[in-house]
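K.L.:
Let's see this in three dimensions:
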Amino acid sequence: MEHASAAAIIDARGTVTGWSDGARRLTGYPAEEAVGRPVRELLAEEPPPDVVAARAGTVVLRHRDGTSVALPLRACEVLGPDGAAGGFVVTAEQPGGAEPTLAGQAFQQASMSMSVFDPRQRYLRLNDAACQVMGVPEEALLGRHFPETVEEAEHSRGFDWHLRQVAETGEPLHYESYTRAPSGSRYHAWNIEMWPVRNALDEFVGVALAAFDSTEQHWARQRLALLNEAADAIGTTLDVVRTAEELISLVVPRFADFASADLFEWVLGPDEPPSMLPEDLVLRRVAHGSVTEGTPEAAVHLGFTDFYPPYSPPARAMREGRAVLSRAGEPAFDRWVRERNARAPKGKRYREGAHSMIAVPLRARGTTLGVAVAVRIGASDPYVRDDAALAGELASRAAVCVDNSRRFARERSTALALQHSLLPRGLPGQAAVEVAHRYLPSGSLAGIGGDWFDVIPLSGSRVALVVGDVVGHGISSSATMGRLCTAVRTLADVDLPPDELLTHLDDLVTHLAADDSDDEVAELGATCLYAVYDPVSRRLTFAAAGHPPPALVLPDGTAECVPMIAGPPLGVGGLPFEAGEVELPEGAIVALYTDGLVEDRDRDIDHATSELCRALTAPASSLDALCDTVLKAVLPEEPSDDVALLLARTRALGDDRVATWDIPPDPSHVAQARQAATEQLTAWGLDEAAFVTELVVSELVTNAIRYGEPPVQLRLIRDRTLICEVSDGSSTSPHLRRAHAYDEGGRGLLLVAQLTQRWGSRQTGSGKTIWAEQQLPPD
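P.N.:
Residues are numbered from 1 along each chain as shown. Got it, this is the predicted structure:
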């Protein structure tokens, strides 16, 4: 149709009620003279009957200057609220004149939707693009309010409100919307400009608008926003399944109506990736999501496996190493959906209308880990190449995070296995203390740390309690922990005092750090607490290298941290370690722990230490139960570091189990020493051990008198074993040697070593002590 450049509104009585500026230019009548007049007064002659019947044709009007003007007119009936005819909107094309015709053509042929409304928000004119958006010809819209022409309230509400704003304020405005087009079911993004229209007299006569379909730009921004969000949303944890779930949560519903992520079995376990893709692509479903509750499109349950045939888009994506875009109507897509739905559980199939799919491989560091699939269903726009590029970017980021998670899980399990192999599984038998322990590996992203503990039986029924911490995480810290643990056991076997032992351990760490191949040690550092408890004297001797002090619970229920000087961490070198000593009553509890129990960036260490002491006094049925009570009371919900806790309840060996004699430094008193030892064994009911004990006492006392220095002392201890100790004032250590056939001596210690379970020597503050242990017969 030809487009009008003038418009007038005539009510049911034939009176002019509306008059455009174009009508003024064509007839010369201003609005104040035309509105309110009968339309017949503006006619130069009656219109032909066929024109009246058709409501379209040439009509002769009377110009204000008295001349006649023939114009092609069209009339569109306006209906009232009750559906009855309420008048007409009459439009006319301005005849002649190249410039108005050119302007009209430009308006009509504009690529964006353009419309004109009267002050009451009724259509006066639309171009072809606007008619295409509305889905109806111009004749069906002229004279009608916009809300009457659309079904969707969401589209009309904002549009009509902005129209009224321009009409009421006379100010132009710009706004954006994302709604369905009235002529379709898919969503479009619109950039809309509205401005008031004024005539030559500066009178407000209507509202014009131009709407630009910015859907492509909108989706481009959405893709960029999705990529930016992926940087924060994907890979928040080092958990393989959680990472896949984060990918699905990100793309549904913003990018897909249904999405799934499947991984090869080896990704979820400790196995190494295969050198090439297997022939049969069997993957395990780890995550899926849908815009529909219950995820009816998921033909595979979470945790179950699925097979991808070679022709399917997911299989092609994995074998070709790129995103595969497919749509309904393509043979491979239709076959895949058809066969997939046929083998899916009841109610688990793609809904009718699944029309577009992107399958993208999850690849990281040159290895295919699995595949992700995104599907659009129903009214969603089909995927385009830009969407495939976006899917590839998202999948690439998710795959790297999945691979990082896999590598972290493998390193964590390796470090944990290494650490468990180094930590004591069953603590060695000893009678000095009752012990219980707990080790909790860190759940943080940093990985397993280097916390460790040990209980080491020493000579004379004594026991060493050790706890340490290698600063850092991962396999390197676990390996360093293993070195230190072994070194402490070796040094403890020499029976060094705590401060001397830490000095030797400090030298070891310094030497390891100086080795170029052990940069990890230099970077990590370590702390250690070494304590020795003697059940005979009931004294606890201890020294620390940068480690928290032990906590002590007395039988009366009071608890406190033992005052001590922590000393420098291991590896600093050149600084002394100071030993402390405290006498304990029988039944006291000593708590050794690593800093992960009381230190955290969000906690005050003094407050945490007070909580530890308070928790240690809580009633508990056993030491094991007390361990659990302490951890529950002191630890935060998610500890950021490994935690080792060692509890030891002290026992005492009374006078009835220990016998001591001072021996004069004269060989003639050796026989008296043997006799005294035999009588003591008889009192203990250990006559069966008398023969060996006499030989051991005779050899050790003789050596002390002959080669040592006074004072000489003999002590028997009845514990789980029978211990014979001979002390003297000389610091010279004995040694085994094999005597020749004609030698008169040199067989004593060899005889002792063969007759007893084990023997050894230790340095004391005043000399040395030679000891030997015999296995006692069962009760």
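K.L.:
can you tell me how far Ala633 sits from Val455?
P.N.:
Separation of Ala633 from Val455 (Cβ to Cβ, to the nearest Å): 24 Å. Placement of C-beta: from N, CA and C, glycine included.
K.L.:
which one of the two has more residues nearby?
P.N.:
Ranked by neighbour count (other Cβ atoms under 10 Å), Ala633 and Val455 place Val455 first, with 19 against 13.
K.L.:
Distance-wise, check that one relative to Val590.
P.N.:
Val455 is 11 Å from Val590, by Cβ to Cβ.
K.L.:
Need the residues touching each of these two.
P.N.:
Taking Cβ atoms under 8 Å, 6 or more residues apart in numbering as the contact criterion, the common neighbours of Val455 and Val590 are 433, 465, 648.
K.L.:
Nearest to Asp656, out of these: which one, please.
P.N.:
Out of those, the one with the shortest distance to Asp656 is Val433. That distance is 19.6 Å, counting by Cβ to Cβ.
K.L.:
residues near the closest one, how many?
P.N.:
Neighbours of Val433 under the rule other Cβ under 10 Å: 23.
K.L.:
Dump the helix or strand containing Ala75 to CSV, restricted to CA.
P.N.:
With elements delineated by DSSP states H and E, Ala75 resides in strand 68-79, which encompasses its position. Once side chains and other backbone atoms are set aside, the C-alpha atoms of strand 68-79 remain, and they are given as CSV (Å, rounded to 0.1, in the frame of the first residue of the first chain):
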residue,chain,number,x,y,z
SER,A,68,-10.2,21.8,-4.6
VAL,A,69,-7.7,19.1,-3.7
ALA,A,70,-8.1,15.5,-4.9
LEU,A,71,-6.4,13.1,-2.4
PRO,A,72,-6.3,9.3,-2.2
LEU,A,73,-7.7,8.5,1.2
ARG,A,74,-8.0,5.4,3.3
ALA,A,75,-10.3,5.0,6.3
CYS,A,76,-9.8,2.5,9.2
GLU,A,77,-12.6,1.9,11.6
VAL,A,78,-12.0,2.4,15.3
LEU,A,79,-13.8,0.2,17.7
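K.L.:
Quick check: which ranges of the stretch 51-200 of the chain have low pLDDT?
P.N.:
For the stretch 51-200 of the chain, the stretches flagged by pLDDT under 70 are 93-101, 103, 151-157, 180-187.
K.L.:
So for Arg462, what pLDDT did the model give?
P.N.:
The predicted local confidence for Arg462 comes out at a pLDDT of 92.
K.L.:
scratch that, Ser668 is what I was asking about
P.N.:
Ser668 carries a pLDDT value of 90.
K.L.:
Assumed it was part of a helix.
P.N.:
Yes - read with DSSP: H, G, I helix; E, B strand; the rest coil, Ser668 is one of the residues of a helix.
K.L.:
can you tell me which residues contact it?
P.N.:
Counting by Cβ under 8 Å, 6+ apart, Ser668 touches no other residue.
K.L.:
Check Pro30 and give its pLDDT.
P.N.:
At Pro30 the predicted local confidence, pLDDT, stands at 90.
K.L.:
distance between the ends of stretch 107-121?
P.N.:
Its start and end residues considered, stretch 107-121 measures 19 Å (Cα to Cα, to the nearest Å).
K.L.:
which residues sit against it?
P.N.:
Outside stretch 107-121, the residues touching it (Cβ under 8 Å, 6+ apart) are 3, 9, 18, 123-130, 132-133, 145-146, 160, 163-164, 167, 197, 204-213.
K.L.:
what helices or strands is the host helix or strand of Leu505 leaning on?
P.N.:
In the assignment (DSSP H and E), Leu505 maps to helix 498-514. Other elements packing on helix 498-514 under the criterion 3 or more Cβ pairs under 8 Å, 6 or more residues apart in numbering; DSSP states H and E are helix 475-493, helix 519-524, strand 526-534, strand 539-545.
K.L.:
Check which residues of it are buried.
P.N.:
498-503, 505-506, 508-510, 512-513 (16 or more other Cβ atoms under 10 Å).
K.L.:
ok, now stretch 650-669?
P.N.:
Buried residues in stretch 650-669 (16+ other Cβ under 10 Å): 650-653, 657-659, 661, 663, 669.
K.L.:
min pLDDT across the shared contacts of Val455 and Val590, which one?
P.N.:
Lowest confidence among those: Val433, with 90.
K.L.:
about what we covered before: right, and the helix or strand after the strand holding Ala75?
P.N.:
Downstream of strand 68-79, the next assigned helix or strand under DSSP H and E is strand 85-92.
K.L.:
Pull the residues that contact that following strand.
P.N.:
Under the contact criterion Cβ under 8 Å, 6+ apart, strand 85-92 has outside partners 4-12, 17-18, 22-23, 26, 55, 71-80, 122, 124-125, 142-143.
K.L.:
if we can go back for a sec, please identify the buried residues of the strand holding Ala75?
P.N.:
Under the neighbour-count criterion of 16+ other Cβ under 10 Å, strand 68-79 has 69, 71-76, 78 buried.
K.L.:
quick one: which of these is nearest Ala328?
P.N.:
Looking at these and their distance to Ala328, the nearest is Cys76, at 41.4 Å (Cβ to Cβ).
K.L.:
centroid residue for this structure?
P.N.:
The central residue of the chain, meaning the one whose C-alpha is nearest the mean C-alpha position (Cα atoms, centre = their mean), is Thr237 at 2.0 Å.
K.L.:
Isn't Val455 up against Ala436?
P.N.:
No - with contacts counted by Cβ atoms under 8 Å, Val455 stays clear of Ala436, the gap being 10.5 Å.
K.L.:
who touches both of the two?
P.N.:
Applying Cβ under 8 Å, 6+ apart, one finds that Val455 and Ala436 are jointly contacted by Leu646.
K.L.:
Give me the angle between the helix ranked longest in the chain and helix 475-493.
P.N.:
Ranked by residue count under DSSP state H, the longest helix found in the chain is helix 385-422. Helix 385-422 and helix 475-493 are oriented at 10 degrees to each other (axes from the mean of the first three to the mean of the last three Cα atoms, to 10 degrees).
K.L.:
Can you name the element that comes right after helix 385-422?
P.N.:
Assigned by DSSP H and E, the successor of helix 385-422 is strand 433-440.
K.L.:
can you give me the angle that next one makes with strand 526-534?
P.N.:
With the same axes, to 10 degrees defining the directions, strand 433-440 sits at 160 degrees from strand 526-534.
K.L.:
Would you mark the buried spots in strand 433-440?
P.N.:
Within strand 433-440, the residues scored as buried using 16+ other Cβ under 10 Å are 433, 435-440.
K.L.:
Partner strands of it and their direction?
P.N.:
Each strand paired with strand 433-440, and its direction, by DSSP bridges: strand 643-650 (antiparallel).
K.L.:
ok, residues contacting the strand it pairs with?
P.N.:
Contact partners of strand 643-650, identified using Cβ under 8 Å, 6+ apart, comprise 432-440, 451-453, 455, 463, 465, 467, 469, 533, 535, 538, 540, 584-594, 596-597, 623, 626-627, 630-631, 635.
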